[in-house]
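Student: No sequence on hand, only this structure:
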């Protein structure tokens, strides 16, 4: 539940939201996502967290990062590490959890409601700490994928769970054809 006069902040775990939307077979339209939450309250800030490969001449998420940066999102990025897993697949490792947690704790004194776009169970203690400050926390992820993309303890801790699939009409668009990009790409 949202109140029109409450101050909101969005915290988007980029890779987690991308994976959840991909599991539900749609892409996120970030312009529509921002507009959707501007209608739900007074949106003070929309943070987006992602890791970037610094040594690549072209990163498939660079256009997204640039677009978000110019369109009202506060971008938080860091250098990612690239490796090949046991199956020979290219993987990217760049954990942004601590960055997101620090920013959320800092802004908690200035907002009424935080919306966390992640299903990562590591965020349960963060949600509890923010709630102790008197701030309501909604978590956006999905239980409709197989397996579910949200940790059960995170869903239970949140004041409100928003099923990403139910936001599909408001913030989604059909997925692009994958033109050979790796699994780290996020769409805008």
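Tutor: Noted; the coordinates are in hand. Because the structure is predicted, anything quoted here is derived from the model rather than measured.
Student: Would you mind identifying the next helix or strand past the helix or strand of the chain with the lowest mean pLDDT?
Tutor: None of the helices or strands of the chain scores lower by mean pLDDT, DSSP states H and E than strand 90-93, at a mean of 75. Following strand 90-93 in sequence order, the next helix or strand is helix 97-107 (DSSP states H and E).
Student: buried sites along that following helix?
Tutor: Under the neighbour-count criterion of 16 or more other C-beta atoms under 10 Å, helix 97-107 has 100, 101, 103, 104, 107 buried. Bear in mind the C-beta positions are built from the backbone N, C-alpha and C, glycine included.
Student: Adding pLDDT and distance to residue 141, write these out as a markdown table.
Tutor: Listed next are the buried residues of helix 97-107 as a markdown table, based on pLDDT from 0 to 100; distance: C-beta to C-beta, whole Å:
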| residue | pLDDT | distance to residue 141 |
| --- | --- | --- |
| 100 | 98 | 14 |
| 101 | 98 | 17 |
| 103 | 98 | 19 |
| 104 | 98 | 16 |
| 107 | 98 | 21 |
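Student: I'd say residue 129 and residue 114 touch.
Tutor: No - using C-beta atoms under 8 Å, residue 129 is not in contact with residue 114, being 11.0 Å away.
Student: Quick one: low-confidence residue ranges for this protein.
Tutor: 54-58, 177-188 (pLDDT under 70).
Student: so where do the strands sit in this protein?
Tutor: In the chain, the segments counted as strands under DSSP state E are 7-13, 27-28, 42-52, 74-79, 81-84, 90-93, 113-117, 136-141, 160-163, 172-173.
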